[in-house]
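**Q** sequence? don't have it. structure:
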């Protein structure tokens, strides 16, 4: 097919839909209707004479032809985006854009940004507190801090391990003082259990404590970890929190960890499209972040 006849709009719609695995999410990213995305993909399939998606009830799945085409298109669009960004000068100019997991942003990053600014006073930092997957394309953050169970959670990226997430049970001292003593892990079941998104982490913790298949009783469920932390600080119940992010509250006595038991729940990762292609500002932040977390793991501030 000649370049002048390439169906660029349809290719763009297909690439977004294939990358996100959803016509609905593709429509949101492209700011068009779902019907428009579906129509563009159907026209591309008609042009090629082969299906690119298997259409199922409320879901779509790439065919082998779709997988092959998506790989080529994603690399091509990424390369075009990087070139346009360099020409526009999006990167550089002293502004660093970071997308950070809300819990990490509120629990650690914000309180340590003054140290980064002291080391690099010429760099302005814009932090977007967001959990959604980003593609590191124009108008998006250059680097991201994400929670994941392993380093393979983000395709077509490079990652640095930042710190493991170890979940521990905590309670506010006021609630502890006005409740029966917590002598065994089973005593926690008399309290409201605070959950982040799912009950499964508490189930794993109780299993590690030797109490498999226990009824969890009363519960409050929150969308993300920082909300859980705020709820437990206010005495709303007992929570499993990331020991790394709750360390200052535990050390200051604002939270009590009644049992020396933790379970591993993934890690925080620094994610970028390519570390070699980061701007000088992002390179500086990466080195600073790794150094600070390495010092903390060794007992530093």
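**A** Right, received. Where do you want to start? Being a predicted model, the structure only gives us computed values, none of them experimental.

**Q** next one: phi and psi at residue 255?
**A** phi -130, psi 150 (degrees, to the nearest 10).

**Q** give me the mean pLDDT for the longest helix along the chain.
**A** Ranked by number of residues, the top helix in the chain under DSSP state H is helix 64-88. The pLDDT scores in helix 64-88 average 81.

**Q** show me what counts as buried in that helix.
**A** 66, 69, 70, 73, 74, 77, 78, 81, 82, 85 (16 or more other C-beta atoms under 10 Å). In short, each C-beta sits where N, CA and C put it, glycine included.

**Q** just checking, the second one touches residue 52?
**A** By that I understand residue 69. Yes - if you go by C-beta atoms under 8 Å, residue 69 and residue 52 touch, sitting 6.5 Å apart.

**Q** what touches both of these two?
**A** 14, 18 (C-beta atoms under 8 Å, 6 or more residues apart in numbering).

**Q** so where is the stretch 151-300 of the chain shaky, pLDDT-wise?
**A** Applying pLDDT under 70 to the stretch 151-300 of the chain flags residues 296-300.

**Q** at which residues are the strands of it located?
**A** 158-170, 193-196, 219-222, 238-242, 262-272 (DSSP state E, counting those that start in this stretch).

**Q** distance to residue 30 and mean neighbour count for those strands - can I get that in a markdown table?
**A** As requested, the strands of the stretch 151-300 of the chain are exported to a markdown table (distance: least, C-beta to C-beta, whole Å; neighbours: other C-beta atoms under 10 Å):
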| stretch | distance to residue 30 | mean neighbour count |
| --- | --- | --- |
| strand 158-170 | 26 | 20 |
| strand 193-196 | 31 | 22 |
| strand 219-222 | 31 | 14 |
| strand 238-242 | 35 | 27 |
| strand 262-272 | 23 | 20 |
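
**Q** can you put those strands in CSV and add distance to residue 56?
**A** Listed next are the strands of the stretch 151-300 of the chain as CSV, based on distance: least, C-beta to C-beta, whole Å:
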stretch, distance to residue 56
strand 158-170, 31
strand 193-196, 30
strand 219-222, 29
strand 238-242, 36
strand 262-272, 29
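
**Q** closest to residue 125 out of the ones you listed?
**A** With C-beta to C-beta as the measure, strand 262-272 is the member of the strands of the stretch 151-300 of the chain nearest residue 125 (14.6 Å).

**Q** could you find the closest non-adjacent residue to residue 270?
**A** Leaving aside its sequence neighbours, residue 270 sits nearest to residue 160 (C-beta to C-beta, 6 or more residues apart in numbering; 4.2 Å).

**Q** ok, that neighbour - contacts?
**A** By C-beta under 8 Å, 6+ apart, the neighbours of residue 160 are 269, 270, 275, 286, 290.

**Q** quick one: residue 196 and residue 225 touch, right?
**A** Yes - the pair residue 196 / residue 225 is scored as a contact, 5.2 Å apart, by C-beta under 8 Å.

**Q** the closest residue to residue 215 other than its chain neighbours and residue 182, how far apart?
**A** Spatial nearest neighbour of residue 215, chain neighbours left out: residue 189 (7.6 Å); criterion: C-beta to C-beta, 6+ apart. Here residue 189 is placed at a distance of 11 Å from residue 182 (C-beta to C-beta, to the nearest Å).

**Q** based on its surroundings, how many neighbours for the nearest residue to residue 53 once chain neighbours are set aside?
**A** Leaving aside its sequence neighbours, residue 53 sits nearest to residue 60 (C-beta to C-beta, 6+ apart; 4.4 Å). Burial of residue 60 is recorded as 20 neighbouring residues (other C-beta atoms under 10 Å).

**Q** residue 60 is in contact with residue 23, isn't it?
**A** Yes - assessed by C-beta under 8 Å, residue 60 is found in contact with residue 23 at 6.3 Å.

**Q** as a check, name the ranges of all helices in the stretch 201-301 of the chain.
**A** Applying DSSP state H, counting those that start in this stretch to the stretch 201-301 of the chain gives helices spanning 225-233, 243-251, 280-297.
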